[in-house]
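**Student:** The following block contains a protein sequence and its predicted model.
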Amino acid sequence: MHYANCNTYNADYDGDEMNCHFPQSYLAAAESQFIASTDLQFIVPTDGSPLRGLIQDHVDAGVKLTCMNTFIGREEYQQLLFAALGSLPGLELIRSDADIELMPPAIRKPREMWTGKQVISTLLNHLRKGNDRDEDPSFNYSGLSMERKTKTPPTAFGASWNEHMVIVRDGDLLQGVLDKNAFGAAEFSLVHAVYEAYGPSRAGLILNAFGRLFTAYIQYYSGHSCRMEDLILTPEADKIRRQMVKDAYNIGSRAAKAWAESDGGKVEIPPVAQSSKAKTPLKPHEKAAVASKIGALLSGNDGKENAAALDGFMQSQVNPLASDIIKVCLPNGLAVPFPENVSTDIFFTLLCISFNDVSLLIITCNANLFQCFSLDRHLASW
């Protein structure tokens, strides 16, 4: 099954099974074609939000292809179009007897070059024309126009370049990168606009075409891997990060002390990070007192409940610090900047599929960045 349809069936790849039945009557065939067809399951019946979309590697490829500094030659341009427009009989984006219409190059001298955005514009231009599935293959729709903010933040390319705002006018992608907000299961996306303007059949065709296009681009031309240098920080960012980790250790120690003095959270605890002594290390006698008090709270009759309460309280105090470290390091603190840095591609992809900051921290940063997450374990072992 194409995973663009998985959300529709609430299916994943952990052993799910589906039964296929051959329609044995005209009524069953009509139900399969006009009710159960996957193209007709694009939106949720309850609230109209989209269900179908592309994910993961396709998001990486979409951002890479539509970056403002992506230029390709004639051979790459034609090969990508061939991969996107061709398909199984009856599923082609272009009519079988029609010619592929190319756009003029964005750069003519010294070598003809096309932008990645022009590849998308070429697909949209062919999408609005008749195909073999239409009753009247000669009928052409008007060009699509839409605007939508991207999941990729403005800081990725620089807010002044406006690459975080997708603008399509009369079928031409003029501005912005395509990510999950363009072809994922997101409201008001480019594919959603195709669904509303051209119907479910063409929304299915463009999803298929995008899938083939992004797969071909990432396999044949751009690649996607992570180098060691992609994880190296600038000296300035690393200095700030080290200081923040040191401050996080002290704040964590102060949080443990505040929790112990509140008799395990039975008394309201003010925000520790806002205290004037939050970044001051505990003195040896304070550490001993805190360790003794926490040990008593964790070993009594309410030990399990207190352990869970300590864990929850420490996370509430330390997790914001982890988010601040991420902001310092990613993406502006990396020695190799975005988009040349592949780890930032992974970072923005994870943002697009709704990973939380803790997951991003563990996946994209080196081990020193998440020392603060072990503070509560460390303090509990005193």
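**Tutor:** Sure, I can see it.
**Student:** Tell me the buried residues in the helix or strand hosting residue 207?
**Tutor:** Using DSSP states H and E, residue 207 maps to helix 200-217. Buried positions in helix 200-217, judged by neighbour count with 16 or more other Cβ atoms under 10 Å: 200, 202-217. Yep, even glycine has a C-beta here, placed from its N, CA and C like the rest.
**Student:** Show me what whichever helix or strand comes after that helix is packed against.
**Tutor:** Per DSSP H and E, the first helix or strand lying C-terminal to helix 200-217 is helix 235-261. On a contact count with 3 or more Cβ pairs under 8 Å, 6 or more residues apart in numbering; DSSP states H and E, helix 235-261 meets helix 284-299, helix 303-329, helix 375-380.
**Student:** now helix 235-261 against helix 284-299, angle please.
**Tutor:** In terms of direction (axes from the mean of the first three to the mean of the last three Cα atoms, to 10 degrees), helix 235-261 departs from helix 284-299 by 60 degrees.
**Student:** Helix 235-261: which residues count as buried?
**Tutor:** Going by 16+ other Cβ under 10 Å, helix 235-261 has these buried residues: 237-238, 240-241, 244-245, 247-260.
**Student:** for stretch 217-226, same thing?
**Tutor:** For stretch 217-226, burial by neighbour count (16+ other Cβ under 10 Å) applies to 217, 218, 222.
**Student:** Equivalent analysis for stretch 6-22, please.
**Tutor:** 6, 7, 8.
**Student:** tell me which element the second one falls in.
**Tutor:** When you say that, I think you mean residue 7. Following DSSP H and E, one finds residue 7 within helix 6-9.
**Student:** send the alpha carbons of the helix or strand following that helix over as CSV?
**Tutor:** Sequence-wise, the next helix or strand downstream of helix 6-9 (DSSP H and E) is helix 26-34. Taking C-alpha atoms only, helix 26-34 is exported to CSV below (Å, rounded to 0.1, in the frame of the first residue of the first chain):
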residue,chain,number,x,y,z
TYR,A,26,-22.5,-4.1,-10.5
LEU,A,27,-23.5,-2.6,-7.2
ALA,A,28,-20.3,-3.7,-5.5
ALA,A,29,-18.2,-2.4,-8.4
ALA,A,30,-20.0,1.0,-8.3
GLU,A,31,-19.5,1.2,-4.5
SER,A,32,-15.7,0.5,-5.0
GLN,A,33,-15.4,3.1,-7.7
PHE,A,34,-17.5,5.9,-6.4
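**Student:** so after helix 26-34, what's the next helix or strand?
**Tutor:** Helices and strands here follow DSSP H and E; after helix 26-34, the next one along the chain is helix 57-66.
**Student:** next SSE after that next one?
**Tutor:** strand 71-72.
**Student:** I'd like the helices and strands packed on helix 235-261 laid out as a markdown table, including distance to residue 110 and mean pLDDT.
**Tutor:** Formatted as a markdown table, the helices and strands packed on helix 235-261 follow (distance: least, Cβ to Cβ, whole Å; pLDDT from 0 to 100):
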| stretch | distance to residue 110 | mean pLDDT |
| --- | --- | --- |
| helix 284-299 | 68 | 91 |
| helix 303-329 | 39 | 87 |
| helix 375-380 | 58 | 36 |
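**Student:** thinking again about what came up before, would you mind giving the buried residues of stretch 6-22 as TSV with distance to residue 128 and pLDDT added?
**Tutor:** Output for the buried residues of stretch 6-22, formatted as TSV (distance: Cβ to Cβ, whole Å; pLDDT from 0 to 100):
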residue	distance to residue 128	pLDDT
6	28	79
7	26	79
8	25	80
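**Student:** Which residue is most remote from the mean position of this protein?
**Tutor:** Distance from the C-alpha centroid of the chain, by Cα atoms, centre = their mean, peaks at residue 285 (47.4 Å).
**Student:** List the contacts of residue 317.
**Tutor:** Neighbour list for residue 317: 251, 252, 255, 271, 272, 273 [criterion: Cβ atoms under 8 Å, 6 or more residues apart in numbering].
**Student:** did I read that right, the last one in a strand?
**Tutor:** No: secondary structure of residue 273, determined by DSSP: H, G, I helix; E, B strand; the rest coil: helix, with no strand assignment.
**Student:** So what does residue 147 look like in phi/psi?
**Tutor:** Reported as degrees, to the nearest 10, the phi and psi values for residue 147 are phi -140, psi 150.
**Student:** before we move on, the earlier item: let's have the helices and strands packed on helix 235-261 in CSV, adding distance to residue 139.
**Tutor:** Output for the helices and strands packed on helix 235-261, formatted as CSV (distance: least, Cβ to Cβ, whole Å):
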stretch, distance to residue 139
helix 284-299, 73
helix 303-329, 51
helix 375-380, 65
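**Student:** Helices along the stretch 51-200 of the chain, start to end?
**Tutor:** Counting by DSSP state H, counting those that start in this stretch, the stretch 51-200 of the chain has helices at residues 57-66, 74-85, 116-127, 180-183, 190-198, 200-217.
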